[in-house]
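[1] Coordinates for the following, if possible.
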Amino acid sequence: MSVNPMAYEAQFFGFSPQTCVLRVYIAFQDYLFDMMLVVESVILKKLDAFPDSKLSPLQIRKCTEKFFAFMKEHFNKLFSNLEKVLLQLVLNIPPNLLLPEDKVHQQYPYSREQFQALQDEVQELQRQYRAEASAGQALRAELEEQKVVQAELEKILQWFAGLESICREHGTSNVKESFTFLTQNSKKLQDVLKDVEKKRKRVNHLL
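    As a prediction, this is how the structure comes out:
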């Protein structure tokens, strides 16, 4: 079997030529073996017609094996020539032939240094793209936060407008005094809640 990897041929055919030749060899060998079994079975059937024959099935099997070894030896020699023909004339791509998908390399030839510089440029562009995508994501998140803050501010403004309206209805036009009153009442409510919480804990402890 040829040791040449024949990578260009494998790219074109979708399989390596050596693999193809090996499968052909195995197929021929299997066919030869099956043919020997058929010949042996025919001889055994003919042997039944001669009950006085001195040949036994074991002897016939040994003869079949010897004949198979002889045929295999000659087959290997013939197949060696067939392999050369297949790999050199049938499954071989001439060195001056360029596959269609590789013609772009002929139109735009690059040295190794130019190709490496191009790869570095592509990597730099990818890095810039990822950085811009990350910055864009951060800006979108910040905009969402600003929308939430704006909504909360609008609620607070509406609350102030409602509070001012209530103060006017109750004859209190000074919002500062209203806040002082609300703060005092809020502290009282907090003290009441703390007292209730303490009593609840005592009751739970006793239970």
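
[2] where's residue 145 relative to residue 154, distance?
    Distance of residue 145 to residue 154, computed by Cβ to Cβ, to the nearest Å: 15 Å. Where C-beta positions appear, they are placed from N, C-alpha and C, glycine not excepted.

[3] Kindly report the same for residue 191.
    Distance from residue 191 to residue 154, by Cβ to Cβ: 33 Å.

[4] Helices of this structure, start to end?
    Here the chain has its helices, by DSSP state H, at 7-13, 17-48, 57-85, 103-107, 112-169, 175-206.

[5] how about TSV for those helices, with distance to residue 95 added?
    Below are the helices of the chain laid out as TSV (distance: least, Cβ to Cβ, whole Å):
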stretch	distance to residue 95
helix 7-13	9
helix 17-48	15
helix 57-85	18
helix 103-107	14
helix 112-169	21
helix 175-206	92
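
[6] Quick one: closest of those to residue 97.
    Residue 97 lies closest, by Cβ to Cβ, to one member of those: helix 7-13, at 9.0 Å.

[7] Report the rounded mean pLDDT for stretch 49-61.
    Mean pLDDT, stretch 49-61: 80.

[8] quick one: it to chain centroid distance?
    Averaging C-alpha positions (Cα atoms, centre = their mean, to the nearest Å) puts stretch 49-61 63 Å from its chain's average.

[9] Would you format the helices of the chain as a markdown table with distance to residue 91 and mean neighbour count included?
    Shown next, in a markdown table, are the helices of the chain (distance: least, Cβ to Cβ, whole Å; neighbours: other Cβ atoms under 10 Å):
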| stretch | distance to residue 91 | mean neighbour count |
| --- | --- | --- |
| helix 7-13 | 6 | 15 |
| helix 17-48 | 4 | 13 |
| helix 57-85 | 10 | 12 |
| helix 103-107 | 22 | 9 |
| helix 112-169 | 30 | 10 |
| helix 175-206 | 89 | 10 |
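
[10] Let me know which of these is the nearest to residue 94.
    helix 7-13 (10.1 Å).

[11] export that closest one as CSV, just CAs?
    C-alpha atoms of helix 7-13 as CSV (Å, rounded to 0.1, in the frame of the first residue of the first chain):
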residue,chain,number,x,y,z
ALA,A,7,-4.3,14.7,0.8
TYR,A,8,-5.3,16.7,-2.3
GLU,A,9,-7.0,13.7,-3.8
ALA,A,10,-8.8,13.1,-0.6
GLN,A,11,-10.0,16.7,-0.6
PHE,A,12,-11.4,16.2,-4.1
PHE,A,13,-12.9,12.7,-3.8
